[in-house]
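*Asks:* Sharing a model prediction with you, sequence too.
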Amino acid sequence: MISIDNVTVGYGTAGFITAVDAVSLTIGSNEIIGIAGESGSGKSTLMRAVYGDFSTGLRIKSGTVTGRFTDAATGKTIEKPSSQFRDLWWDQISYIPQGSMSVLNPLMKIEKQVVDGLPRRERGSSRRELRARIAKFLAGFGLEENVLDAYPHQLSGGMRQRVLVAIAAFVNPRLILADEPTTALDVVVQKKILLMMVEIQRRLQNTLVLVSHDLGVHYQITDRLVIMYKGQIVEAGRTADIFANPQHDYTRNLIASLPRLHGQRAVDRVGAGA
Amino acid sequence: MRSFFTHAPFRLYLGLLLLAVCIVVGGILPWLAPGDPLVWYSAPRNQNPSGAYWLGTTSLGQDVFWLLTYALRNSIILGLIVAGLSTVIGVFLGLAAGYAGGWLDRVLSFFMDALLCIPTLPILILMAALFGGQLALPIVGLLLVVFNWPYPARQVRAVALTMREREFINVAWFSGESSTRILIRHIFPYIAGWSAANFINTVLVGISTESALAVIGLSSAQQATLGTMIYWAINYQALLGGKYVWIGSPVVAIVLLFIGLFLVSSGLSMQSAAKRMSV
């Protein structure tokens, strides 16, 4: 679905600050891929490059990110670089950004915000019909219909995050990029939202890319796991394999730092090459 | 609309009442005038208020009451046009500068800063001298627009700059909305309330600047405005001659209009603050 070929991405107009360094990765259809790594390891930058959002001064220095999608209307296969993904946004690809507290417009009711992002083909039906569909969809997330008439500040953090996931999933995208969708939420809500996302993925048979620095999250839901460190992919493979037999020192440290129910956790060193 | 009026603060009612009086006097009554009140000697000179001449007459033989309605009409029209154009231009260019950024922002900011630095009244006096001592009303209006659009533009630009970095604007962008749509749907609601207050304020500025210009005799003497009424009254020694109604009526009209606009402006902001606080 997406092939990332030896791509180097970074920021800056005068100079160039490398954030993602010579990364290659293939994202297939119908799978859940996890990307783990510490803050500043290039996870979010890689996501932005895949999504094709170059509005913030992001630049691809070398390599390519190519996507292959099937047009829903004509059934034709579209193949293009991520810099031209814009007309696929919120249609074939959707993005759940970091930080649930500030991503909804505080002056707009939830219903308006859901409707606003929809592609034209979804907006065809009448307003009441559309509202009923959205309400039904939100019910699957454990949200009542009156949430649609609320402003974001009237909802709790967990509800807002669920609304966000719902907005991203409502258009039935082929690819959902979720950038730390559960940070700043307590573990119970976090688990609920993750399970919801897995359920959506299983139902739509699409691809979910989940960025998180919480290995516990990855262990629970991802099929494949990619470990990033200092802008590079240091390890990639099936999640179970990586947890059973980590190859890279950094991965080993990450796994060792997880809290254990029994015995002591190995907290002696942090960082790769330790 | 009903709930808007039932819970409004008292000052909003008072302001609306004053404005309504001004609009009736300046907007409707001029149509009912028996003749053109500007024409000299269409009435006996120097009359005190009476049944025939409600506010008396001027030393030039004009009926003060009907003259006042004409003056109020012209002043209000001038103020509204100046405020409307300044606000529209200011909001539009401010949004463009703040949201687009880059060279457009630099060029527009340069003009805003330059115009903000120049004091308006001295320039108007210079222009009046340049045009042979008097400026026609449309030119005064045009100059006032030129000097008044940078205020809203600067503020709107600042709001647009902070909005551009907000996460929900990013999300709107991610979801494939166009820049125009983002500006209208997401950024404009943030500046709409402020723009309304600024509009009212600019009406005040427009009327008062023109009056100031008129009082020193540099605005159009051919058309009645509140300022030119005061100018003629001063020229004919209305105060010394004890014709307080002639010179007093435009002053009272200006003061009432200003108080009305101020009360409406602050009443509206109280109203929206109250709405914000209620969950």
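*Replies:* Structure received. Residues are numbered from 1 along each chain as shown, chains lettered A, B, ... in the order given.

*Asks:* model confidence over the longest helix that chain B contains, on average?
*Replies:* Counting by DSSP state H, the longest helix found in chain B is helix B:64-100. Helix B:64-100 shows a mean pLDDT of 92.

*Asks:* try stretch B:259-278
*Replies:* 82.

*Asks:* For it, what is the distance to the chain centroid?
*Replies:* 18 Å (C-alpha atoms, centre = their mean, to the nearest Å).

*Asks:* how many neighbours does residue 251 have?
*Replies:* Since no chain was named, I'll use chain A. Neighbour count for A:T251, taken as other C-beta atoms under 10 Å in any protein chain shown: 23. From N, CA and C alone the C-beta is placed, and that goes for glycine too.

*Asks:* meant chain B, my bad for not saying
*Replies:* B:V251, neighbours per other C-beta under 10 Å, totals 15.

*Asks:* And it, how far from B:I234?
*Replies:* For B:V251, the distance to B:I234 (C-beta to C-beta, to the nearest Å) stands at 11 Å.

*Asks:* A:E235 now?
*Replies:* Using C-beta to C-beta, one gets 89 Å for the distance from A:E235 to B:I234.

*Asks:* do A:Q205 as well
*Replies:* In terms of C-beta to C-beta, A:Q205 sits 85 Å off from B:I234.

*Asks:* Counting neighbours, go ahead and name the busier of the two.
*Replies:* Using other C-beta under 10 Å, the more surrounded residue of A:Q205 and B:I234 is B:I234, with 14 against 10.

*Asks:* Distance of the residue in the stretch 101-250 of chain A positioned nearest to chain B relative to B:Q62?
*Replies:* Distances between the stretch 101-250 of chain A and chain B by C-beta to the nearest C-beta are smallest at A:G117, namely 3.4 Å. In this structure, A:G117 and B:Q62 are 64 Å apart, going by C-beta to C-beta.

*Asks:* quick one: which of the two has more around it?
*Replies:* B:Q62 (25 against 21).

*Asks:* Help me confirm that that one comes into contact with B:P44.
*Replies:* No. Contact criterion C-beta atoms under 8 Å: B:Q62 and B:P44 do not qualify, at 10.5 Å.

*Asks:* neighbouring strands for the helix or strand hosting A:I60, and are they parallel or not?
*Replies:* Using DSSP states H and E, A:I60 falls within strand A:58-70. Using DSSP bridges, strand A:58-70 pairs in its sheet with strand A:2-11 (antiparallel), strand A:77-81 (antiparallel).

*Asks:* tally of neighbours for B:L144?
*Replies:* For B:L144, using other C-beta under 10 Å, the count is 26.

*Asks:* residue contacts, the closest residue to it other than its chain neighbours?
*Replies:* Spatial nearest neighbour of B:L144, excluding adjacent residues (C-beta to C-beta, 6 or more residues apart in numbering or on different chains): B:V82 at 4.5 Å. Contact analysis of B:V82 by C-beta atoms under 8 Å, 6 or more residues apart in numbering or on different chains lists B:G141, B:L144, B:V145, B:N148, B:T202, B:V203, B:V205, B:G206.

*Asks:* From the residues you listed, which land in helices?
*Replies:* Checked against DSSP H, the contacts of B:V82 include these in helices: B:G141, B:L144, B:V145, B:N148, B:T202, B:V203, B:V205, B:G206.

*Asks:* Low-confidence ranges, the chain, go.
*Replies:* As the question left the chain open, I've gone with chain A. In the predicted model, chain A carries pLDDT under 70 at residues A:100, A:124, A:263-274.

*Asks:* That was the other one, I meant chain B.
*Replies:* In chain B, residues with pLDDT under 70: B:1-6, B:275-279.

*Asks:* Would you tell me which residues of it are close to chain A?
*Replies:* For chain B, the contact set with chain A under C-beta under 8 Å from any C-beta of the partner chain comprises B:166-168, B:170-177, B:185-186, B:189-190, B:279.

*Asks:* taking those residues one by one, which sit in helices?
*Replies:* B:E167, B:F168, B:N170, B:V171, B:A172, B:W173, B:F174, B:P189, B:Y190.

*Asks:* how far away is the first one from A:S39?
*Replies:* It stands for B:E167. In this view, B:E167 and A:S39 are 17 Å apart by C-beta to C-beta.

*Asks:* Between the two, tell me which one has more neighbours.
*Replies:* Each of B:E167 and A:S39 has its neighbours counted (other C-beta under 10 Å); B:E167 has more, 16 against 8.

*Asks:* Excluding covalently adjacent residues, which one is nearest to that one?
*Replies:* A:S102 (4.2 Å).

*Asks:* Would you mind confirming that the one you found makes contact with B:E165?
*Replies:* No. Applying C-beta under 8 Å as the test, A:S102 and B:E165 come out as separate, 10.3 Å apart.

*Asks:* still on that earlier bit, just the closest of the ones in helices among the contacts of B:V82 to chain A, please.
*Replies:* Proximity of these to chain A was ranked by C-beta to the nearest C-beta; the top entry is B:T202 with 24.4 Å.

*Asks:* I'd assumed B:L85 was in contact with that closest one.
*Replies:* No. Using C-beta under 8 Å, B:T202 is not in contact with B:L85, being 9.3 Å away.

*Asks:* and these two? which has more neighbours close in?
*Replies:* Legend: neighbour count by other C-beta under 10 Å for B:T202 and B:L85, higher for B:T202 (26 against 19).

*Asks:* which residue packs closest to the more buried one, ignoring adjacent ones?
*Replies:* B:A83 (3.8 Å).

*Asks:* Number of residues surrounding that neighbour?
*Replies:* Counted with other C-beta under 10 Å, residues neighbouring B:A83 total 25.

*Asks:* got the buried residues for stretch A:6-21?
*Replies:* Residues of stretch A:6-21 classed as buried by neighbour count (16 or more other C-beta atoms under 10 Å in any protein chain shown): A:V7, A:T8, A:V9, A:G10, A:T18, A:A19, A:V20, A:D21.

*Asks:* Next, the contact list for the second one, please.
*Replies:* Residues in contact with A:T8 (C-beta under 8 Å, 6+ apart) are A:T18, A:V20, A:D21, A:A22, A:V23, A:I60, A:K61, A:S62, A:G63.

*Asks:* Could you pull up phi and psi at the first one?
*Replies:* The reference is to A:T18. A:T18 adopts backbone torsions of phi -80, psi 130, taken as degrees, to the nearest 10.

*Asks:* Report the separation between the closest residue to it other than its chain neighbours and B:V91.
*Replies:* Excluding the flanking residues, the one nearest A:T18 by C-beta to C-beta, 6+ apart is A:G10, at 4.3 Å. With distances taken as C-beta to C-beta, A:G10 is found 37 Å from B:V91.
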